[in-house]
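Student: Fold the stuff below for me.
(chains A and B, ligands or ions: 1)
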Amino acid sequence: MYRYDDFDTAFLAERNAQFRAQVERRIAGNLTEDEFKPLRLMNGLYLQLHAYMLRVAIPYGSLDSRKMRKLADLADRWDKGYGHFTTRQNIQYNWPKLKDVPDMLDALAEVGMHAIQTSGNTIRNVTSDHFAGASADEIADPRPYAELIRQWSTDHPEFQFLPRKFKIAITGAPNDRAVVKAHDIGLRMVEKDGKPGFEVIVGGGLGRTPMVGQVIREFVPVTDLLPYLEAIVHVYNRHGRRDNKYKARIKITVHENGLDTIRAEVEEAFLRTRGEFTGVDERVMARIDSQFVTPDFVDGGAEAYDIARADPVFRSWADTNLSEHKHPDYAIVTISLKAHGKTPGDATAEQMRVMADLAETYGHDELRISHQQNVILPHVRKGHLAQVHAELMKAGLGTANIGLASDIIACPGMDYCALATARAIPVAQQIAERVEALRIEHEVGPLQIKISGCINACGHHHVGHIGILGLDRGGVETYQITLGGDATETAEIGQRTGPGFSYEEIVPAIERLMLAYLEHRADENETFLEAYRRLGAAPFKEALYGPEKTRHAA
Amino acid sequence: MPRAFSPKIVTANALLEGDVVYLTEDDRWSRHMGEAEFIEDEAHAAIRLLTAEQQGGTVVGAYLADAKAGPDGPEPVHFRESFRARGPSNYRHGKQADFA
Ligand code: SF4
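Tutor: Next up is the predicted model:
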């Protein structure tokens, strides 16, 4: 894995010392909140509903056992013994005290981690395919490019005060696991004449005005990646609306000016930026590349896996939580942070240490955080899967539900977030408990339920097969349902079904949707999303609101 | 006819811990909503908010929240204030644990 260089280390130390002094001045009364707020946000520190929240970047979701243990230490020492992994592959601590935050940042810096650019109108943590470097379907590991983008965007002088925050996602595989079409810029690795490059997608985003990104350029050679990105952000910086924060994201810039106009301007800017970049990033790239070495995979040992499959509990877990690795004797393990009834994305310090140990012992010391709020061991020998599973079970991490109805994305919602209009976590907990009680999730099969506690859509509800948006309607928590969203390469924004449901009604409503699917699907092979696409919304609306006739009469 | 003024309390977050706090009649910041000053007069509410806003060295983000009178002092009207007064629903953390 990439290790930060001396520049990063020195930069971090300086930033942390600055912030320590700023916190001291704030506490001593020498800085007002108006002065302090932008400074703390630059360092990932928010003030939420009940406490401060520290958001720590996990660049492109990759970490090793040392970093994971450090995250566990922070949880134990300065928080309440747990951390929350987010859809942006970050981790959030919900209970830090202001005076402790500089110590937390220093502790993170010991392992090259930080909270810089996890807030503000900057280029945020670059997100990536959580199977990067491991999956059978990828052209190349996208993480060296993600790292290149991280270095380029960190503290970039021109891009510290963009019209609005800016999110970039990158994938090296044709199957999109990084939701690249819902980002300000999405990068999808493609090949042209045997050479790798990127399809560049621009103007995607969720939130108030959800949009699927559009292709601005079909192929950018890898050597032109940074100058091309620089050209896009430059054009956005010029045109992005600063008068209205709801219209400030690049998706609106593209929408209002038209893709062709933006494309022409980007190409023009690119002529210039390309000249400025020549040579520089090729050297840098070679250095970064040398840090992302493919582990020395060991052949053989897969027979033990076939034998272990005789155990039904192991088999069930293997069927849902394993994915195909590029090496035939290896598997990718997804560790579910979605035990039924628990908070999606939360891990205790103890669980973090177990995962760190497993990565070190069985996983070439690599871990990933997925935007689906789970943890990945990207490289596990098939011969070790039974041991890994046994250890996970002991730690309460063995839930066999990846991709199923209880593998729910939920943002913090009104249990923590100051911007929330309703709660999200308890809705997720109750849906998961309900499907567990009914024992239907394996029958229902692949189903992505995603819940956001406000229009900002951190819970990706627009791209959930079933999306749930929590709103405040006249002082009552109300949940709006969307159907048919898709977070993959065939990205789509879900459609609203109709009137919302109260907090008491929402879980039964979701249950009715699942039962309606089971009733109407063509056969067992037709997934929820496929059935929805074939049948349209009608049978699902009927399940939610009753037969159409009575609805009109009502 | 002008709309009747709905009673208010002044609330904020403590600077050091981030914890939810309420302005009391005797100018303290209490962790308990029940100890908040119950404000029934609009002009007085504005003055109390100003008082709170001048205490930026102690609290952050003071605002007026709707409240109703209860047997043990002011109670929340909106669910957001109920959650702030209690803590999150997924763990017994925050006030519900601190004052259990
Ligand atoms: S979607 Fe809204 S409630 Fe949820 S984390 Fe984002 S801002 Fe907060």
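
Student: Can you pull the residues of the stretch 251-400 of chain A lying near chain B?
Tutor: A:T343, A:D346 (Cβ under 8 Å from any Cβ of the partner chain). Where you see a C-beta, it was placed from the backbone N, CA and C, and this is true even at glycine.

Student: Can you tell me which residue sits nearest the middle of the chain?
Tutor: Here I'm looking at chain A. The centre of chain A sits closest to A:H371, judged by Cα atoms, centre = their mean, with a distance of 2.4 Å.

Student: Can you look at chain B instead?
Tutor: B:T11 (3.2 Å).

Student: my read is that residue is in a strand, agree?
Tutor: Yes - residue state for B:T11 (DSSP: H, G, I helix; E, B strand; the rest coil) corresponds to a strand.

Student: In chain B, spot the helix with the most residues.
Tutor: helix B:42-53 (DSSP state H).

Student: which helices and strands sit right next to that one?
Tutor: Contact analysis of helix B:42-53 by 3 or more Cβ pairs under 8 Å, 6 or more residues apart in numbering or on different chains; DSSP states H and E lists strand B:8-14, strand B:20-23, strand B:59-70 as its packing neighbours.

Student: So which bits of chain B are right by chain A?
Tutor: B:13, B:15-20, B:56-57, B:60-61, B:77-80, B:83-84, B:87-91, B:93-95.

Student: Just the pLDDT for A:G112.
Tutor: On pLDDT, A:G112 comes in at 89.

Student: got it, and A:E282?
Tutor: 68.

Student: Report how many residues lie close to A:Y517.
Tutor: Neighbour count for A:Y517, taken as other Cβ atoms under 10 Å in any protein chain shown: 25.

Student: quick one: is whatever helix or strand it lives in near chain B?
Tutor: Applying DSSP states H and E as the criterion places A:Y517 in helix A:503-520. No - remark: helix A:503-520 sits outside contact range of chain B, by Cβ under 8 Å from any Cβ, the gap being at least 8.9 Å.

Student: model confidence over the next helix or strand after that helix, on average?
Tutor: The helix or strand immediately downstream of helix A:503-520 is helix A:528-535, counting by DSSP H and E. Taken as a whole, helix A:528-535 carries a mean pLDDT of 98.

Student: What residues does the residue in the stretch 351-500 of chain A positioned nearest to chain B make contact with?
Tutor: Proximity of the stretch 351-500 of chain A to chain B (Cβ to the nearest Cβ) peaks at A:D415, 3.8 Å away. Each residue near A:D415 by Cβ atoms under 8 Å, 6 or more residues apart in numbering or on different chains is listed here: A:L49, A:R423, A:A424, A:I425, A:P426, B:F83, B:P88, B:S89, B:N90.

Student: filter the residues you listed by proximity to the ligand?
Tutor: Contacts with the ligand are made by none of the contacts of A:D415, judged by Cβ under 6 Å from any ligand atom.

Student: and of those residues, the nearest to the ligand?
Tutor: A:A424 (6.1 Å; Cβ to the nearest ligand atom).

Student: near the ligand, which residues of chain A?
Tutor: Counting by Cβ under 6 Å from any ligand atom, chain A sits next to the ligand at A:411-413, A:417, A:419-420, A:452-454, A:456-459.

Student: what's around A:E511, how many residues?
Tutor: Using other Cβ under 10 Å, A:E511 is surrounded by 18 other residues.

Student: and the residue nearest to it when sequence neighbours are not counted, helix, strand or coil?
Tutor: Spatial nearest neighbour of A:E511, excluding adjacent residues (Cβ to Cβ, 6 or more residues apart in numbering or on different chains): A:R434 at 5.9 Å. Put simply, A:R434 is helix when judged by three-state DSSP.

Student: give the contact list for A:R434.
Tutor: Counting by Cβ under 8 Å, 6+ apart, the residues that A:R434 touches are A:V507, A:I510, A:E511.

Student: Return the member of those residues nearest to chain B.
Tutor: A:V507 (14.0 Å).

Student: which ones are touching that closest one?
Tutor: A:V427, A:Q430, A:I431, A:R434.

Student: how about low-confidence regions in chain B?
Tutor: B:1-2 (pLDDT under 70).

Student: Please repeat the previous calculation with a cut-off of 80.
Tutor: For chain B, the stretches with pLDDT under 80 are B:1-3, B:100.

Student: and what of the stretch 451-554 of chain A?
Tutor: Using pLDDT under 80, the stretch 451-554 of chain A drops low at A:548-554.

Student: Smallest gap between the stretch 251-400 of chain A and the ligand, at which residue?
Tutor: The stretch 251-400 of chain A approaches the ligand most closely through A:G345 (11.2 Å), counting by Cβ to the nearest ligand atom.

Student: shouldn't that residue be in contact with A:Q373?
Tutor: Yes - A:G345 is in contact with A:Q373 according to Cβ atoms under 8 Å; the separation is 3.4 Å.

Student: Please enumerate the shared neighbours of the two.
Tutor: A:F85, A:T86, A:L337, A:I409, A:A410.

Student: Out of those, who's the most crowded?
Tutor: Busiest of those [other Cβ under 10 Å] is A:A410, holding 33 neighbours.

Student: which residues pair with it across the strands?
Tutor: Taking DSSP bridges as the rule, A:A410 bridges to A:I451.

Student: That one: what's it in contact with?
Tutor: A:T343, A:P344, A:G345, A:Q373, A:A424, A:I425, A:V427, A:A428, A:K450, A:I451, A:G459.

Student: Neighbours of the fourth one, how many?
Tutor: Residue neighbour count, defined by other Cβ under 10 Å, stands at 25 for A:Q373.

Student: Give me the pLDDT for the residue nearest to the centre of chain A.
Tutor: Confidence for A:H371, expressed as pLDDT, is 94.

Student: what's the closest of the helices and strands packed on helix B:42-53 to A:A21?
Tutor: Nearest to A:A21, of all the helices and strands packed on helix B:42-53, is strand B:59-70, at 19.3 Å by Cβ to Cβ.
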